[in-house]
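S.K.: Got a predicted model here, sequence first, then my questions.
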Amino acid sequence: MAANEKISDVQFRYHGPSMGYGSHRLTAHVGGSDTSAGHLLWSGQGIRNIMVEPELQRRGIGTAMWNEGHRLASENARIPKPKHSPDRTNEGDAWARGVGGRLPRRRG
C-alpha cells in the first residue's frame, strides 16, 4: 500500500468521560486489530490531542476520527462536537485546515 493511500477498514471505539477519562476519547483500529492506530481526545473546549501512528499518517485516519466524533455528537446531545483548538502544531494546523471547520486564532 502506498504511503498516502487511504485506509478504508477503520473501526472506532468511543470512551466517554464516565469511563475513566477526563475527556471524550475515540480510538481508531485498522483491520479489526486491537492495537490502536490513533486517538482523538476532546472536550467541550476543543480537541486536546489527536494522534495517528507515524506509519499510518496521511491515510485519512485523523479525518475519519474527526468525522466519527461529529457523527457521535449528532446522535447524542451529551457528546460535544469536536472543534479545533487554538493550540496547534504546524502539522495540526495543516490537518485542521484540511478537514475544515472554524479555526480559532493559533496560539502554539
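M.R.: All right, it came through fine.
S.K.: Report how many residues lie close to residue 47.
M.R.: Residues within reach of residue 47, counting by other Cβ atoms under 10 Å, total 21. C-beta coordinates here come from the backbone N, C-alpha and C atoms, glycine included.
S.K.: residue contacts, it?
M.R.: Contacts here follow Cβ atoms under 8 Å, 6 or more residues apart in numbering; on that basis residue 47 touches 40-41, 82-85.
S.K.: Is it possible to get JSON lines of those residues that adds pLDDT, distance to residue 7 and neighbour count?
M.R.: Below are the contacts of residue 47 laid out as JSON lines (pLDDT from 0 to 100; distance: Cβ to Cβ, whole Å; neighbours: other Cβ atoms under 10 Å):
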{"residue": "40", "pLDDT": "97", "distance to residue 7": "16", "neighbour count": "26"}
{"residue": "41", "pLDDT": "96", "distance to residue 7": "21", "neighbour count": "19"}
{"residue": "82", "pLDDT": "97", "distance to residue 7": "20", "neighbour count": "26"}
{"residue": "83", "pLDDT": "97", "distance to residue 7": "25", "neighbour count": "20"}
{"residue": "84", "pLDDT": "98", "distance to residue 7": "23", "neighbour count": "23"}
{"residue": "85", "pLDDT": "96", "distance to residue 7": "25", "neighbour count": "21"}
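S.K.: can you give me the helices in this protein?
M.R.: Counting by DSSP state H, the chain has helices at residues 61-75, 90-99.
S.K.: Thank you kindly, that will do.
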